[in-house]
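A.B. asks: Coordinates for the following, if possible.
(2 chains)
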Amino acid sequence: MARGDIDAAIDAIRRDAEAFGKTYRGRVDQLSGAELAEAISVYETIVERADIIDAYAELSVCADATQDVASARLREKLNAALKDSAFFSYDIGRMPETDIITKYAAPELARYAGWLGQVRDAGRHILPDDVETYRQEKAAVGENMWQRLYDRLRQDMRYVFDGRAHTPDETQDILRHGDDAQRRRAYHAFNRENGVLRKKAAFIISTLAQLKYNEDCQRDYEHPEDERHVANNMQKKTVDTMVTEIRAAYPQLAHRYYAWLAAKTGEDKVPDGTRVTALSPQFPVSFDTARDKVVAVFSAFAPEHGRIAQSFFDDRRIDAAPRAGKQSGAFMHPVAASAAPYIFLNYKGKAEDVLTLAHETGHGVHQTLAARAGHLQSDTPLPVAETASLFAERLLSDALLARDNITDAERHAILARQADRMLNTVVRMTTVFTFEQRLHAEHRDTGELSGERLTALWVGALRESLGPAVDFSAPSSRNHWVHMPQLVHTPFYSYAYAFGECMAAVLHDMYKNSDDKKAFADKYTRFLEDGGRRSPAALYDAFGIDIDDPAVWRRGTALIARQLQDFMDLDDKLAPRRRLTPAFNARTGRAPANDKTSRRKKQGPGRAA
Amino acid sequence: MSIRRAFRDVSRRHSARRAFGDAAGTPANDNGGLPEWDLSRLYKGLDDKKLARDMRRVDVLTDKFVKEYEGTVAWMSGEELGNAIAEYEKIEEQRGRITRYLGLLEMQSIHNVSRTGAAQKWAEQAGARTMFFEEGIQELKESDLMTKMMSPELARYAPWLAAVRAGNRHPMPEGLDDTQSGYADNLAAWRRFYSETIADMTVMHRGRAKSFNALQDKMGEGTMEEKERDATRALLGAEMKRQADTFAMIYNAITGDGLIDAQRRGYTRPDQEVNNQNNLDNETVDLMFDTVKASYARLSHRYYRWRAGQMALEKIPAADVRAALPEEETRRYSFDEARRTVLRAFRRFSPRFARIAEKIFREGHVDAAPRDGKTPGAYAAPVGPSSLPYIILTHSGKAESVADTLGHEIGHGVHYALVEKSRGYFMSDVSTPLAETASVFAEMLVFDELLRQARTPGEQKGLRAARVENMLSTCLQQLSYYDFEKRVHDKRKDGELTAEEISDIWVDTQREYYGPAVADGDDYDRYYWTQVPHFFDTPFYVYSYALAQQLVSGLYRCYKEAEAEGDDARAAFVENYMTLLESGTTKNLYETFRPFDLDPETPAFWEAGLDLMEKYIDELETPPAPARAPKKTAKKNARRHSR
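C.D. replies: You can find the predicted model right below:
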């Protein structure tokens, strides 16, 4: 987009928002159901146009970090332009139930039922207009600025090894993919210098916890994670059930795996961060091969999914080439319902990159299907979105494993990567969630938390989840929370991955065991299409799954434990003993645990939207 | 409302470390026996039973106060309201003693901050419970208040009532108060992040990590070889540049936050809140700004031209603006000598003045020793009428710092002691310009004493130059800092500024101040705004220094004239001056200066202060006492620089 075009577009948005405000401000409750539906559709076009510019601002920073200030300015202008339409979702949210219930009768309104439901749920936490506007302005120099500061400080960190300074992302990348000698040097550099950032990260996390607490009090959220639950259209009960069951399964998941690994390698303990893939050979895969495989998997599941997957490559809505200066990580950006989503990743030709490609394409297919519900309802709650992406990874693994001429080594590589991912999404991400609950609770109790204290909380949570056979003494393990941007940007975001992994496992199991694959695929397509307009509980109900039932989560964790066991059995078959690469297997997660959340949240104009 | 109170709780300590870093200084070599605070007169520590008891007492008094008065302010008679204020003052004084004790601990060492948190939280919560009272007073109808004020019990609190009600002239709209919106902690966090970032800055110096501040202070001593100094400057400049984006972000947050509230309060300009707190009309501030800015050419430009001449240079390199002058003899002062000089200067002015200062020294209220984690800069911190104020600084041993640091802070100290004794807790809460008047006046007294003690023309020359530089930097340069803040805030309205944009404004304002005889600097100078805590901690505070220097220059001229006139006139001046110090908040600035025939609303008032500076510059060019030929000086100097 050219500078002038953007300015003109923002001006047009401002004019339309003003006109919208003039027409509807103060009289939302007086509208008939049909009129309200009309108003929502006008509002939707305004928000959608704004979201396109917002996406542009965000994607430019990903491509070039120096665009930070320019992008912040753009967003400031955009927010100012939207000022006159911000009242809308608030007014709907605040309306007495008796007023809105009669409007629901209008058939025109039915198509917005999903969005309305969310707005109404959020409505209980909305503050008066002037306070919301004020809060929004203050957030620009509050939460948002602290987040930007954290990003900058982290990006400014340099790890010196191999004769030059590396960025944190470069370092993490080498820790994941470098050869042994290189990784050892990176590991030591990382451990040596991590403490510098720790104090500042703790300061920022504490400050954000305080601001969050203040806001939660004001908005009447009882628990620190409540706001995330509302945004995810999720009940606290569901998540608590899930977390309880996963925590109960820790011994069958990570504890058992690491004890097996320690015994097998003849060590007392294995260092935290020892990746499953360390046992497994690497297979180079060209991007063309990966693309063909991924598209084939989607086509085999449902031809329509295959066509959508193909369109990302045909329309060049995927940026996969690693470049100097490009951000690391991978994500799918929804942009807007009318402007197809974009995929961003760094394809380096490793086996895990193929899975990442499947993961992000899974998001992309989902987003494209969900966009049919219109812009306001195209925003799928994260736990559901992560189900779709992880389901796609499972389909890809199936396809790869089903090849006739597959060797044991290749099978091992695939199972290893799957195991690695599951330990991350289910165990690690739940650990992060527990850690966040504890840090907020302690902050509410005692005030500011030091870096030392956060490290103690983190190690405590890790010890519970990974078990006695893991050694957490390396600074890169103890201070790993310093490098988890989701703590700063999206508190309590992490449980969505555990949710997605368990649900993908259950759905995948149902799919494999279903007699009519086509019927399942159709049902699954509707599940994706309805992503943003029905609650997760309702979405899973269509498959006969009750997400509040502990048995469902036990089924998910049991499937995952089984797959971990499959990997261990295969590994035992191939090699009765193994030697672990030395203690520098510093853990750096894949996309979810790493620096990039894998699905960008739309930056809507108001929290209620 | 709460702004005023927050101000009272935390920021009432005035700093001598005007907005340039080098002046802070490091310990002299002969620093044996530097005093440290004895806080045991207040409390023996955070676990002192007395502290817990005092906190409980505040809680009990607060309970009683809330029970008795909540919701009744409008119904009280004048006498009842007056008595309630007296009770409130007592609670606030006791609470203030505790919060200020905590503040002292934090100044002693930044490491104490983590330990004082719980008590600070207590103080904040205790304070919040009585907030209704000031709010009730703010909401009183004027006619209602007027009737009540017929009662002498209430009338005696008139200045305090005015201050409380002034806070409400520009209230936040309903519901948008920071405490209600939940953003009260944001600004404080940014400020703390700033000071922690500054304290944590390190550079790699000869292969070892070294504290930025320590190195900067070492350079500020002026004892480094030129080559080493330039290398150090380059090193520090590179580090400032590296972190400039972070500082820009902090500054954007702080200025942006202020602008949002200023707009909501209906202020017409970003500095209006500070002007209100200072009891000044915007017009008076503008008049001062315009007059002083117009004097750059005849004062700062002229001084640096003279200085360049002394150094036999066309343009002084930025690194050398504070370098020793040729022929200048510098004498180091031990702390004991410094203390005696200050006391002698005070005694010559007024024995009563000197007695209070002596007591401050004697009773362990001065902390001059260097220490890890100690607050940078110099402060005088009052703790309430029940105790003498506390002074913190780091003794550098430089002659001019005897005046502009020790003399300055002790000047504050004596002022606080006088005003708190005569006006009590509430009405001793003087505005910044008046507070700075007391301290800068003390500086002038000490400078005169130093000149009197100077043994050689070289020493005198150094002192005279230091005095002019001190006055220029207190007045003109601080004004250029204010100019910088004005321009940054103005641009910030249109969005965030990049580090480079801020630096450009900074370089422009400094270039305007120094004039053609000083060369543009390097990164150290370009990014120096990152090192000025005032910009981050107390926006628009700096003009108070300029204003106070102006007020003092005018006053000091009166003093000199009275001295020349004879003992009676001198005695009359001293008495008027003591009255000024003791008046606290009972008089506005305009009333305060009336006995001296000075009127801040006339340009002549501001010109008079500038004229004194001009006179001192005249004396530099043509010293009253014989000095050596400048030609020889120049040659010697040229040699020095060609090395």
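A.B. asks: So which elements touch the least confident helix or strand in chain A by mean pLDDT?
C.D. replies: Lowest by mean pLDDT, DSSP states H and E among the helices and strands of chain A is helix A:168-177, with a mean of 76. On a contact count with 3 or more Cβ pairs under 8 Å, 6 or more residues apart in numbering or on different chains; DSSP states H and E, helix A:168-177 meets helix A:143-156, helix A:180-219. For every residue, glycine as well, the C-beta is placed using N, CA and C.
A.B. asks: Which is the succeeding secondary structure element to the first one?
C.D. replies: Using DSSP states H and E, the helix or strand that follows helix A:143-156 in sequence is strand A:159-161.
A.B. asks: how far does that following strand sit from the chain's center?
C.D. replies: Computed by Cα atoms, centre = their mean, to the nearest Å, the separation of strand A:159-161 from the middle of its chain amounts to 29 Å.
A.B. asks: in what helix or strand does residue 443 lie?
C.D. replies: With no chain named, the answer covers chain A. helix A:429-446.
A.B. asks: My question was about chain B, not that one.
C.D. replies: Going by DSSP H and E, residue B:443 is part of helix B:432-453.
A.B. asks: neighbouring contacts of the helix or strand following that helix?
C.D. replies: Counting by DSSP H and E, the element after helix B:432-453 in chain order, helix or strand, is helix B:457-472. Helix B:457-472 has contacts (Cβ atoms under 8 Å, 6 or more residues apart in numbering or on different chains) with B:299-300, B:303, B:307, B:322, B:324-325, B:327-331, B:399-400, B:403-404, B:443, B:447, B:450-451, B:454, B:549, B:553, B:612-613, B:616-617, B:619-620, B:623, B:625-628.
A.B. asks: and the angle from the helix holding residue A:443 to helix A:180-219?
C.D. replies: On the basis of axes from the mean of the first three to the mean of the last three Cα atoms, to 10 degrees, helix A:429-446 is oriented at 50 degrees to helix A:180-219.
A.B. asks: elements contacting helix A:429-446?
C.D. replies: Using 3+ Cβ pairs under 8 Å, 6+ apart: helix A:429-446 touches helix A:180-219, helix A:236-249, helix A:451-466, helix A:485-489, helix A:495-513.
A.B. asks: coming back round to it: in helices, which of the contacts of helix B:457-472 fall?
C.D. replies: Judged by DSSP state H, helices contain the following of the contacts of helix B:457-472: B:303, B:307, B:399-400, B:443, B:447, B:450-451, B:549, B:553, B:612-613, B:616-617, B:619-620.
A.B. asks: Count the neighbours of residue B:608 for me.
C.D. replies: Around residue B:608 there are 17 other residues, counting by other Cβ atoms under 10 Å in any protein chain shown.
A.B. asks: Distance-wise, check it relative to residue B:544.
C.D. replies: Computed with Cβ to Cβ, to the nearest Å, the distance linking residue B:608 and residue B:544 is 19 Å.
A.B. asks: Quick check: phi and psi at residue A:471.
C.D. replies: Backbone torsions of residue A:471, given as degrees, to the nearest 10, read phi -100, psi 120.
A.B. asks: Any idea what it is bridged to?
C.D. replies: For residue A:471, the beta-bridge partners are residue A:271 (DSSP bridges).
A.B. asks: That one contacts residue A:274, correct?
C.D. replies: No. Between residue A:471 and residue A:274 there is no contact under Cβ atoms under 8 Å: 9.2 Å.
A.B. asks: Look at the two and report which has more neighbours.
C.D. replies: Neighbour count, other Cβ under 10 Å: between residue A:471 and residue A:274, residue A:274 has more, with 24 against 19.
A.B. asks: which bits of chain A sit near chain B?
C.D. replies: A:69, A:72-73, A:76-77, A:127-128, A:130-131, A:134-135, A:137-138, A:140-142, A:145-146, A:148-149, A:152-153, A:156, A:199-200, A:203-204, A:207, A:210-211, A:214-215, A:217-218, A:446-448, A:450 (Cβ under 8 Å from any Cβ of the partner chain).
A.B. asks: Filter those residues down to the buried ones.
C.D. replies: Buried members of the residues of chain A next to chain B, counted by 16 or more other Cβ atoms under 10 Å in any protein chain shown: A:69, A:72, A:76-77, A:127, A:131, A:134-135, A:137-138, A:140-142, A:145-146, A:148-149, A:153, A:200, A:203-204, A:207, A:210-211, A:214-215, A:218, A:448.
A.B. asks: Can you list the residue ranges for strands in the stretch 251-400 of chain B?
C.D. replies: Using DSSP state E, counting those that start in this stretch, the strands of the stretch 251-400 of chain B run over B:366-367, B:379-381, B:390-392.
A.B. asks: export these to CSV and tack on mean neighbour count?
C.D. replies: Listed next are those as CSV, based on neighbours: other Cβ atoms under 10 Å in any protein chain shown:
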stretch, mean neighbour count
strand B:366-367, 26
strand B:379-381, 24
strand B:390-392, 27
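A.B. asks: Please name whichever of those is nearest to residue B:259.
C.D. replies: strand B:379-381 (27.9 Å; Cβ to Cβ).
A.B. asks: where's residue A:533, which helix or strand?
C.D. replies: Per DSSP H and E, there is no helix or strand for residue A:533.
A.B. asks: pretty sure it is touching residue A:377, no?
C.D. replies: Yes. Using Cβ under 8 Å, residue A:533 is in contact with residue A:377, at 4.3 Å.
A.B. asks: Quick check: neighbours shared by the two?
C.D. replies: Common neighbours of residue A:533 and residue A:377, using Cβ under 8 Å, 6+ apart, are A:114, A:115.
A.B. asks: Give me the below-cutoff pLDDT ranges for the stretch 451-600 of chain A.
C.D. replies: A:580-600 (pLDDT under 70).
A.B. asks: how about 80 then?
C.D. replies: The model of the stretch 451-600 of chain A has pLDDT under 80 over residues A:579-600.
A.B. asks: Next, the contact list for residue A:224, please.
C.D. replies: By Cβ under 8 Å, 6+ apart, the neighbours of residue A:224 are A:209, A:212, A:213, A:216, A:436, A:437, A:440, A:441, A:444, A:491, A:492.
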